[in-house]
Every structure is written in structure tokens, then in C-alpha cells.
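Participant: next comes the sequence, and after it the predicted model I'd like to discuss.
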Amino acid sequence: MSKQRLSLGKRLRRCASFRCVGVEPNWADYPEEIRNALVQSPVVYYPSRLYEDLFRSVGKIVFPRNYYRFMGHKIRQTALFQLLEVPHPRTRLYYGTRKLSRIMDDFSFPMIAKNPVGSSQGEGVWLVRSEEELRRYLAHHHPAYIQEYLPIDRDLRVVLIAGHVVHAYWRIARPGEFRNNVSRGGTISFDAIPDEALDFARWTATVCRFDEVGLDLCHARGRWWVLEANMVYGLEGFRRRGLDIYNIFRSLDEGGGL
């Protein structure tokens, strides 16, 4: 077998120095030569949710770090931001009984309520403006994930791979919508992206050990905040700029960036 680095996922399929072998449902489904090569390789790229813990358990390095474990998991992301003191809107989780009274003691209206695991593209995010709306949210969400509301009309999506900013663009909410997602009618702008925001994104990705991530940032109250980390991010902003994510990986690989 060649000396190419091995990736299970197909993110690196246009990179000449990688061989993408796919994600088989059973370890025994891989040909013997591939199983042996994976066993001998010190690093496995894009190991998938299925195999990441397996490879980590036997001491292998995986790339990207902190990818699958934080994918779509706002609870883990918030805990990580708080642990590392990454600026993040004030957020609390509520379990058990008396959630309503405890939330109303901690937050004022309006507030943001979210589905803490698994939502994307603006799904599972609510602007809660009254006690009745909060009650409706609590009736279907356990635990409750509550976040302070920041009065913004846009956020900045910054995509980083291996510490490199590969794309950045504003997502501007349509009138009457509090969510900035393009899937919710938000518009994309490439104008006047601040260098300080890109520096903040690089710092955040570094301290959080995010090797591939789309960070959603906003500027409020005189500082930059991280709203969320997206491991599965939309590519419409890339298409609008004439960029191809797979060619970006190839350029990074050819330049020694991976």
C-alpha cells in the first residue's frame, strides 16, 4: 500500500497526499491491507463518528480535533467556551423541576431558547418574549438551553481549516427575522470584514482545538462574541464567492498546511 496518509471521510478526496478509504459500517469490512495501514498509521484523518473513539482509545491522533464530539452539540460547545473563557453570550442549562421560575430569575425577556443538540440552519432556535412562550418551549425541551439575547442584525461566519481562515462573510437578517441564517432568508455580504474579527476567530479555533470549523461571531456591547461552532456548515457563501471547499483543501495540502 502507498505511503499516502489515510482518511476515512471524503473531505480530502482531491488531495494527492491522502487516500480516502470511506466509512465502512464494520471494521471487518475493510480489506486487510487497509486495516493494517490504519493500525500502523499514527494519524487518522476524518475518522467519522463511528471510529473516532476507537482510534483515540489506542493512542492515535485524529484530525480534525474536537470535530465529531462537538458537532451539533451546543451543550458541549457552551461548556468548552466557558471553560476556556471564550466570549460567548451568557448561557445556562436547566434540568429538573422549577425550570420556569429559575429561568425568569436569571434572564429577562426577550431571551433566546434553543434545542441544545442536533439543530442547524436556524431550526430549533426561538426568540422568547413572554412567560407563555417560555412555557411552550419548556413543555418540549429537556434540558432547557437559555441564552441572553444580543440585539444584532447580522453575524460573521468565519471558516477555518488547520488554523487558516479560508472564507468569511456577513450573514444579514431579513427584516423582521432575528436569525441571520441564509436558509432563513438572510443575505450574504463580503464587505468590510474586520481584521480583528478574523484574529478573534483564529484565537478561538486555536484555544478550542477546532481543526475545521465555521464560527459564527457577532459584535455587540463593544466586543466580539462566539455564538456557535459549526462543523457541518453551509456552502452557499463559498459558491457566491466562486470557491470550492475541496479545492481549498487541496491548496492547503499542496502548500503544506495540512
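Facilitator: Structure received.

Participant: show me what contacts Glu131?
Facilitator: Applying Cβ atoms under 8 Å, 6 or more residues apart in numbering, we find Glu131 in contact with 100, 104, 109. Every C-beta, even on glycine, is put in place using the N, C-alpha and C of the backbone.

Participant: what residues are up against Phe63?
Facilitator: Here Phe63 is in contact with 43-46, 211, 258 (Cβ under 8 Å, 6+ apart).

Participant: can you put the contacts of Glu131 in a markdown table and add pLDDT and distance to Ala201?
Facilitator: Shown next, in a markdown table, are those (pLDDT from 0 to 100; distance: Cβ to Cβ, whole Å):
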| residue | pLDDT | distance to Ala201 |
| --- | --- | --- |
| Leu100 | 96 | 36 |
| Met104 | 97 | 34 |
| Phe109 | 97 | 31 |
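
Participant: what's the residue sitting nearest the centre point of the chain in contact with, if anything?
Facilitator: Nearest to the mean C-alpha position of the chain, counting by Cα atoms, centre = their mean, stands Asn230 at 1.8 Å. With contact set as Cβ under 8 Å, 6+ apart, Asn230 has these partners: 120, 157, 213-216.

Participant: now with 10 Å, please.
Facilitator: 70-72, 77, 120-121, 157, 159, 210, 212-216 (Cβ atoms under 10 Å, 6 or more residues apart in numbering).

Participant: and those, which is closest to Val62?
Facilitator: Closest approach to Val62 among the contacts of Asn230 (Cβ to Cβ): Glu212, at 11.8 Å.

Participant: give me the number of residues near the closest one?
Facilitator: Counted with other Cβ atoms under 10 Å, residues neighbouring Glu212 total 22.
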